[in-house]
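In: what's the 3D shape of this:
(one chain, ligands or ions: 2)
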Amino acid sequence: MSVAVFWALFLTFVGAFAAQVATRARVIAAAPNTFSLDDLPFRIRRFLLDVVLQRRTIRERPAAGFMHALVFWGFVAFAGYTSVEFLYGLGIVDLTHMRWFAAYRAGLTPFAIAVLVGILFLLVRRAIVRPVGLGTKVSVESIVIALFITTLMVTFLLTFTLDEHSTVGRVNWWVHMLVILAFMALIPASKHFHLVVSPLTVLLKSPELGNLPNLDFEKEQVGLETVKDLGSKMALDALTCVECGRCQVNCPAWGAGKALNPKTIVLQTQEALLAGARDRKLGEIYSEEVLWQCTTCGACENQCPVGIEHLPILIGSRRGLVSNGDAPDYLGSMYNHLERRSNIWGLGYDQRTKFIQAAQVETFDATRHDVLVWLGCAGSFDADFQKSLRSLFEILRARGVRFGALAKEKCTGDPAKRTGNEYMFQELATANIEDLKTAAPKTIVTSCPHCVKTIGNDYRKFGYTVEIVHSSVYVEELTRSAPASPKPGGSPPGDGRVTFHDPCYLGRYGGKVDEPRALITRFGGVISEPERNRDNPYCCGAGGGLLFADKEEEPGSRISDVRFKQLQATGAGTVVTACPFCSIMLKGAQASAGADTQFVDLMTFVKDRL
Ligand code: SF4
Ligand code: SF4
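Out: Numbering: from 1, shown residues only. Ligands and ions are numbered 1, 2, ... in the order given. Just a heads-up that it's a prediction; the model follows:
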């Protein structure tokens, strides 16, 4: 009798679970296939670290992350126990009296206690402490799930004290099993669906942060315009979100009071997909204003513990807008400059020629030169940044490195790519690749982290591979054996303390956080670390084409102002930068604040002390 009742309940709840999972699976299956398993060894390593060991979950929020990990590990440990109890309840086979099962059950006791500790911690955090990233409303569903998990652990522990054949023992068993069934029915329609899909989402996450596959114009691809254009990984991402808000609290746009919230983007995508609104325009769902506020800093997808990629959605939607001529005016003039003059400022290339001639830089020749120095738009035209390049040239000469530059160089196309103008990006990229293939350098050195990412990652998608390193990395290696001999006046002013602003495209995208610091300390600097540093820096606000946005018209604060205050709070009198765009933005913020903080590019910092 009780087996028949259990079967009826099992089929009802599992049926509810399967029906909801099937709805979600259909949404994913209907999307254009964007799943990929390239670089499988990297994916497996990351899976082990981020899923099995819960690295990403623990890293940013150690206490809450560890408690979450306890619950996760407990779930995994209980899988065998739950299966055996289901086999017993369904009358299939009774393994509950096997000796190994008794040992296994006893071994689960510490897990049950750990899960209880973890879930009670998370319950208090969600219901009482309420960090801002979790939203303003207390999630009833989270409370119910927490109470379910608590009940499961308590009923499990009670099995050690209750006679399983007594009425109380039977009631305890039924409560345990009914809670599991109810839990299953509740999961797919809630954020707890991540329990089912997040391992897959992490495995399918691109190995490259901010991965933006090229559009194929021959297949008439124009980017994301409507919901039905969202790819299968984007759909899976949207259905995986656990609403933890890590993307939100790490987003510099949200932090500066703008309308953009990456968590909202993901949840709006989920809502639109489940509503079947396949023809709805993405620009309406997210709002165009929000789409243009992203600096492409990558913090959101780098912080997400369940493998969600925000940038393909954000930049994919920008591509859709640009292809319909809906880019903001400031981008229109930048595109004009890129089209007419192949650089973001629309300046004549005679200025670049004058600069390289004055700096006595030879035209690169692979038979005579060790490295090609890539100037980038800033190095070609920005007088301030040219000082930094001169410093780099001086260091290279002092160390006997033979280098040259291309006679002609176009913008890498980074600002076109990140703002969604894929056509313009591909034009610039193919022209540069042709020149680079002709020049055939083995190694490229550049002081622009955006150029590193674009030439190193985006050009690879055209089949062009070359070693490209940021100057901080190259010079760090070059000067390892060189003891610093500070020149008079070469020390930072004041107490000698400096702070280093990690550029997003160097620290977060490139993972190069130790080399700049090694250089600073090797050459006499004492670093005061700012809040948000290393591989999770706070953006300067320039990326994604926002260097050109009209800052006065922006809602909220300027991202650069927020960052400058964080740097000022270190008390250091000097800010060392390693990206031309960070330097422009932060100097602008310094001027608005009327502060006397000094800025120095890393190459100049080194050159002055070499
Ligand atoms: S890339 Fe940066 S600015 Fe854009 S949504 Fe993500 S965190 Fe925000
Ligand atoms: S997208 Fe990722 S980081 Fe953002 S709320 Fe969802 S699960 Fe958390």
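In: Next, work out how far apart the residue nearest to the spatial centre of the chain and Asn336 are.
Out: Centroid-nearest residue in the chain, with C-alpha atoms, centre = their mean: Asn302, separated by 2.4 Å. As judged by C-beta to C-beta, to the nearest Å, Asn302 and Asn336 stand 33 Å apart. C-beta coordinates here come from the backbone N, C-alpha and C atoms, glycine included.
In: and Val157, what is it in contact with?
Out: In this structure residue 157 is Leu, not Val. Leu157 makes contact with 109, 112-113, according to C-beta atoms under 8 Å, 6 or more residues apart in numbering.
In: And the strands in the chain, which stretches?
Out: Assigned by DSSP state E, the strands in the chain fall at 362-363, 371-374, 403-405, 443-446, 467-470, 497-500, 526-527, 574-577, 598-601.
In: Which strands border the third one, and is each parallel or antiparallel?
Out: With DSSP bridges as the criterion, the sheet partners recorded for strand 403-405 are strand 362-363 (parallel), strand 371-374 (parallel).
In: what's in contact with the longest one?
Out: When you say that, I think you mean strand 371-374. Taking C-beta under 8 Å, 6+ apart as the rule, strand 371-374 contacts 361, 364, 389, 392-393, 396, 401-406, 409, 436, 439, 441-446, 448, 451, 455, 468, 474.
In: Kindly report the same for stretch 121-136.
Out: Contacts of stretch 121-136 (C-beta under 8 Å, 6+ apart): 63-64, 67-68, 71, 138-139, 142-143, 146-147, 150, 243-246, 248-249, 263.
In: C-alpha coordinates for that stretch, CSV please?
Out: Extracted as CSV, the C-alpha positions of stretch 121-136 are listed here (Å, rounded to 0.1, in the frame of the first residue of the first chain):
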residue,chain,number,x,y,z
PHE,A,121,24.1,30.9,7.9
LEU,A,122,22.7,31.5,4.4
LEU,A,123,19.2,31.7,5.8
VAL,A,124,20.2,34.5,8.2
ARG,A,125,22.1,36.3,5.5
ARG,A,126,19.2,36.1,3.0
ALA,A,127,16.4,36.9,5.5
ILE,A,128,18.0,39.3,7.9
VAL,A,129,21.4,40.7,6.8
ARG,A,130,20.3,41.1,3.2
PRO,A,131,23.3,42.3,1.2
VAL,A,132,22.4,44.7,-1.5
GLY,A,133,23.2,42.3,-4.4
LEU,A,134,20.4,40.0,-3.3
GLY,A,135,17.8,42.7,-4.1
THR,A,136,15.3,44.6,-2.0
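In: close to ligand 1, is it?
Out: No. Contact between stretch 121-136 and ligand 1 is absent, the nearest approach being 12.5 Å (criterion: C-beta under 6 Å from any ligand atom).
In: how far is that stretch from where the chain is centred?
Out: 23 Å (C-alpha atoms, centre = their mean, to the nearest Å).
In: With stretch 238-246 instead?
Out: For stretch 238-246 - counting by C-alpha atoms, centre = their mean - the centre lies 14 Å from the chain centre.
In: mean confidence for it?
Out: For stretch 238-246, mean pLDDT rounds to 96.
In: Show the pLDDT at the residue of the stretch 451-600 of the chain found nearest ligand 1.
Out: Nearest to ligand 1, among the residues of the stretch 451-600 of the chain, is Cys539, at 6.2 Å (C-beta to the nearest ligand atom). pLDDT recorded at Cys539 is 98.
In: How about Val132?
Out: At Val132, pLDDT is 87.
In: can you list the weak-confidence ranges in the protein?
Out: Flagging of the chain using pLDDT under 70 yields the residue ranges 1, 482-495, 551-554.
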